[in-house]
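>>> This is a predicted model, with the sequence first.
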Amino acid sequence: MLLKSILNRVQLHPGFVYGAAHWNDRGKQPVLEIEIHARKRSRPVCSKCGQPGPGYDTLQQRRFEFVPLWGIAVFFLYAMRRVACPRCGVKVERIPWADGKNHLTTTYAWFLASWAKRLSWKEASVVFKTSWDNVFRSVKMAVAWGLAHRDLGNVTAIGIDEIAWKRGHKYLTLVYQIDNGCRRLLWVGKERTGKTLKQFFKEFGTEHTSALAFICSDLWQPYLRIAAEAAGKAMHIIDRFHLMTHFGKAIDKIRATEAKELRAKGKQPVLTGILGTPYLIIS
């Protein structure tokens with residue numbers, strides 16, 4: 001099967017045709033370059049409004065990185081046209097295999113983003129003979145697409161927590177969806193302050209916030225205060241780990257006080273040497 005036949009099967013672009021494919025041995029590693037041409041009498045599409053218009057002129061040929069074949073780097077070569085758009089003026093045309101000025105094809109960006117979930121970004125760049133920046137930009141594209149297309153209509157329960165990401169008490173605030181059957185990270189913000197959590201509720205929106213029935217967090221006061229202000233109708237649940245930590249400390253304080261009083265009365269205390277653990281003594 002010819003290479004062009006494979007590309008037309010998996011990467012067909014209406015209004016464009018694949019041209020010659022040839023080797024380029026000028027770099028450290030040989031790469032495969034495939035030319036793309038606009039079909040005759042096809043009109044370029046304005047990159048701003050998406051409407052076709054008359055061609056204005058043609059720019060220099062550009063290279064767009066595609067998914068490697070058999071470990072060989074692949075590039076599309078195309079000379080972009082400019083459009084004399086009656087609405088937007090003279091604009092560079094929109095092409096279906098890449099967005100804006102990105103030199104990565106969209107297909108390759110999604111390919112790298114999917115592997116970045118399985119490998120480190122450095123490993124993904126080495127395995128697929130590309131740069132770390134390309135992997136980073138691909139992940140950024142995938143995250144932006146996911147945020148723009150995610151459905152928040154079924155969020156009725158959220159969890160709020162923090163995580164240390166750097167030495168010196170540097171924290172991030174994390175907000176999760178914890179509905180039955182749907183557990184996912186919704187939002188990450190810098191620091192663990194009330195201002196940070198307030199920004200989450202601002203981005204989450206009044207409509208979705210009003211639909212919250214449950215909020216789970218620890219006893220961090222800024223979280224409790226902002227959650228009560230933003231979603232006062234939701235039931236606020238304190239997670240049991242932090243609750244039992246405070247409960248254990250309270251019991252230990254009482255135990256230590258009573259042990260001190262027993263010693264002062266000349267009696268031997270029973271509950272000693274069990275710091276932080278409540279015990280039931282049965283005689």
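Alright, I've got the coordinates.
>>> All the helices of the stretch 1-150 of the chain, residue numbers only.
Along the stretch 1-150 of the chain, counting by DSSP state H, counting those that start in this stretch, helices occupy 3-10, 106-115, 121-127, 132-149.
>>> Count the neighbours of Tyr69 for me.
Tyr isn't right for residue 69; it's Leu. Using other Cβ atoms under 10 Å, Leu69 has 13 neighbouring residues. The way it works is simple: take the backbone N, C-alpha and C, and place the C-beta from them, glycine included.
>>> now it, nearest residue through space, not along the chain?
If the residues on either side of it in the chain are set aside, Leu69 comes closest to Leu32, at 6.7 Å by Cβ to Cβ, 6 or more residues apart in numbering.
>>> any residues touching stretch 230-238, and which ones?
Residues from elsewhere that reach stretch 230-238, judged by Cβ atoms under 8 Å, 6 or more residues apart in numbering: 198, 201, 209-210, 212-219, 224, 227-228.
>>> Got a quick PyMOL command for the buried subset of those?
The buried residues among these can be selected in PyMOL (16 or more other Cβ atoms under 10 Å) with this line:
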select buried, resi 198+201+209+212+215+216+217+218+224+227
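>>> What is the most widely separated pair among the contacts of stretch 230-238?
For those, with distances taken as Cβ to Cβ, the pair at the greatest spread is Ser210 and Leu219 (24.8 Å).
>>> and Gly232, which of the three is it?
With DSSP: H, G, I helix; E, B strand; the rest coil as the basis, Gly232 sits in coil.
>>> Relative to Gly15, how far out is it?
Relative to Gly15, Gly232 is positioned 55 Å away (Cβ to Cβ, to the nearest Å).
>>> quick one, which of those two is more surrounded?
Taking neighbours as other Cβ under 10 Å, Gly232 and Gly15 compare with Gly15 leading, 14 against 8.
>>> Nearest spatial neighbour of that one, chain-adjacent residues omitted?
Ser42 (4.5 Å).
>>> so how far is Ala231 from Asp218?
Taking Cβ to Cβ, one finds Asp218 at 17 Å from Ala231.
>>> OK, contacts around the spatially closest residue to Leu77 that is not a sequence neighbour?
Closest residue to Leu77 apart from its sequence neighbours, by Cβ to Cβ, 6+ apart: Glu35 at 4.9 Å. By Cβ under 8 Å, 6+ apart, the contact set of Glu35 is 18-21, 76-78.
>>> Go again with 7 Å.
19-20, 77 (Cβ atoms under 7 Å, 6 or more residues apart in numbering).
>>> What of Leu119?
Val127.
>>> Give the residue spans of the chain that score low on pLDDT.
1, 27, 242, 270-283 (pLDDT under 70).
>>> any idea which helix is longest in it?
helix 240-264 (DSSP state H).
>>> tell me which residues of it are tucked away?
For helix 240-264, by 16+ other Cβ under 10 Å, it's 251-252, 255, 259.
>>> What is the most widely separated pair among those residues?
Ile251 and Ala259 (12.3 Å).
>>> Hmm, Lys129 is touching Trp70, no?
No. Using Cβ atoms under 7 Å, Lys129 makes no contact with Trp70, being 11.8 Å away.
>>> out of those two, which sits in the busier spot?
Using other Cβ under 10 Å as the criterion, Lys129 and Trp70 rank with Lys129 on top: 14 against 6.
>>> separation between the more buried one and Val139?
Distance from Lys129 to Val139, by Cβ to Cβ: 18 Å.
>>> go on, Asp99?
15 Å.
>>> just Asp218 next, same as before
30 Å.
>>> go on, Trp110?
10 Å.
>>> what do you get for Ala228?
Ala228 is 36 Å from Val139, by Cβ to Cβ.
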